[in-house]
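**Q** Fold the following, please.
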Amino acid sequence: MDEYQRVRRRHRQRQARRRLRRTLALLCAAVVILTLSAGITALLNWIVPPEGQTADSSAPVSDGNVALAPLPNTGTGLVQNTSFSSIGPVQQESWNLVQLDADRIAQPETGLVKPEYFQNVVMLGDSVTAGFYTYSTSIKGVATICGYRSIHPSDIVNRTTLTREDGVQEIALDAVAAADPKAVYVLLGTNSLVSADEKKEESFLAYYERMIQMFKEVVPDAELYIQSITPVRPEVSTLNNEQIRRVNEKLAQLALAQGCHYLDLHDCLADENGDLSADLAAEDGIHLNGTGYKQWVDYISRHVAYSADLPFLYGSPYATKTTTTAAADTSADSAAPEGEA
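**A** Here you go, the predicted structure:
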């Protein structure tokens, strides 16, 4: 019996020691959890101070004998009083949409393409384009010229039978479709703007837009280049360059909206006053002379939308104005005697 009592006491003592160890372990865990919670709370209050307080985030953090660097973007770079509610996308209250002007819409300069590029090109326009029949340039006999005197975009849209400078009669859309070009260069507007008021300008632009859409229907794979209306000499009474510039701005916007390329011919034909340069003008002050057509061809040869299969002349991109003129003189044949187109 005495032995039984001793064994029972030892068993109870072991149980008491186990309970004590478990209690001490729970107390230690609670102390650790409370310490971590206090540390996390202090850290959050340091990073994101409570409302009404400002953290001194520019000062280094000290941990015993070790100096810690400030957090990134603190001090001069941190937006103060950051709160979790302000983190994330911010809804914009207002915005401004900037409309591109003609200078920014215009096709930028690229490399100089060889004349063979124009084997698959149609040049369509009025008497200004018809001058390619008269003057010798590097694209004469290479490009398909559809130049008709005194025409308007409405003549294209209405499928009017037109007479080319060489006497051939045709419907312009059918002629373009038959050529199956890779690119079509359009220049129209000189005749439409003669003594035109605002209503005539609006009609011109409406027909121009419809004409572009019809070109897309007959030659859907062709690149369309809308060329600015060429400037005139200041002595021309029936046209003025201020009106031409205003309509060209609208043509640039139209080209952008319709997914066409816009070519600003003023870059190569206008003088410092915005008038047709005297040394490029024919006697009437509206059409170009032989030198003007060389300049025109050189310009469009340097402003072709890039494609890897284009026949660029090696080493030609971004040539200076001096070398541009020299290249035009060497690549073009001698001009025919000057005269009206």
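**Q** Every contact and neighbour count from this point should use C-alpha atoms.
**A** OK.
**Q** What are the boundaries of the helices in the stretch 201-341 of the chain?
**A** For the stretch 201-341 of the chain, the helices defined by DSSP state H, counting those that start in this stretch cover 241-258, 266-269, 290-301, 321-331.
**Q** So what touches the first one?
**A** Read that as helix 241-258. Under the criterion CA atoms under 8 Å, 6 or more residues apart in numbering, residues 100-102, 105-106, 193, 201, 205, 209, 212, 226, 228-232, 234, 261-262, 274-275 lie in contact with helix 241-258.
**Q** longest helix of this protein?
**A** Counting residues, the longest helix in the chain under DSSP state H turns out to be helix 2-47.
**Q** for the record, mean pLDDT for it?
**A** In this model, helix 2-47 carries a mean pLDDT of 74.
**Q** so which of the helices of the stretch 201-341 of the chain is the most packed in?
**A** helix 290-301 (a mean of 23; mean count of other CA atoms under 10 Å).
**Q** For that one, enumerate the helices and strands it packs against.
**A** In terms of contacts (3 or more CA pairs under 8 Å, 6 or more residues apart in numbering; DSSP states H and E), helix 290-301 is packed against helix 266-269, helix 321-331.
**Q** worst average pLDDT in these?
**A** Averaging pLDDT over each of those puts helix 321-331 lowest, since it has a mean of 40.
**Q** Might you report the residue contacts of the residue nearest the centre of the chain?
**A** The centroid of the chain falls nearest to I105 when counting by CA atoms, centre = their mean (6.9 Å). Shown in contact with I105 (CA under 8 Å, 6+ apart): 252-253, 256, 262.
**Q** ok, now E272?
**A** Per CA under 8 Å, 6+ apart, neighbours of E272: none.
**Q** which phi and psi does it have?
**A** phi -70, psi -20 (degrees, to the nearest 10).
**Q** Wasn't L162 part of a strand?
**A** Yes - counting by DSSP: H, G, I helix; E, B strand; the rest coil, L162 is located in a strand.
**Q** so where do the strands sit in the stretch 101-250 of the chain?
**A** Under the criterion DSSP state E, counting those that start in this stretch, the stretch 101-250 of the chain contains strands at 121-125, 144-147, 161-163, 169-171, 183-187, 223-227.
**Q** Report the buried residues of the third one.
**A** Of all the residues in strand 161-163, those buried under the rule 16 or more other CA atoms under 10 Å are 162-163.
**Q** What strands line up against that strand, and which way round?
**A** strand 169-171 (antiparallel) (DSSP bridges).
**Q** Residues touching the strand it pairs with, excluding its own?
**A** Taking CA under 8 Å, 6+ apart as the rule, strand 169-171 contacts 156, 159-164.
**Q** buried sites along that strand?
**A** I171.
**Q** Please apply the same query to stretch 193-209.
**A** 193, 201, 204-205, 207-209.
**Q** So which residues make contact with that stretch?
**A** Contacts with stretch 193-209, where a contact means CA under 8 Å, 6+ apart, come from 152-154, 157, 189, 192, 238-239, 244, 247, 250-251, 254.
**Q** swap the cut-off to 6 Å and go again
**A** With contacts defined as CA atoms under 6 Å, 6 or more residues apart in numbering, stretch 193-209 is touched by 153-154, 238-239.
**Q** go on, stretch 212-223?
**A** 177, 182-183.
**Q** nearest to G125, of the residues you listed?
**A** A183 (14.0 Å; CA to CA).
**Q** Quick check, that closest one in contact with Q119.
**A** No - contact criterion CA atoms under 6 Å: A183 and Q119 do not qualify, at 9.8 Å.
**Q** higher neighbour count, those two?
**A** Taking neighbours as other CA atoms under 10 Å, A183 and Q119 compare with A183 leading, 20 against 16.
**Q** Which residues does that one form beta bridges with?
**A** Listed beta-bridge partners, A183: V121, E223 (assigned using DSSP bridges).
**Q** and of the contacts of strand 169-171, the nearest to V142?
**A** Nearest to V142 among those, with distances taken as CA to CA, is R164, at 16.6 Å.
**Q** ok, now which ones touch the closest residue in space to that closest one that isn't next to it in sequence?
**A** Using CA to CA, 6 or more residues apart in numbering and skipping residues adjacent in sequence, the residue nearest R164 is Y148, 5.0 Å away. Residues near Y148 by CA under 6 Å, 6+ apart: 126-127, 164.
**Q** quick one: Y148 from E170, how far?
**A** 10 Å (CA to CA, to the nearest Å).
**Q** again, but for V142
**A** For V142, the distance to E170 - CA to CA - is 20 Å.
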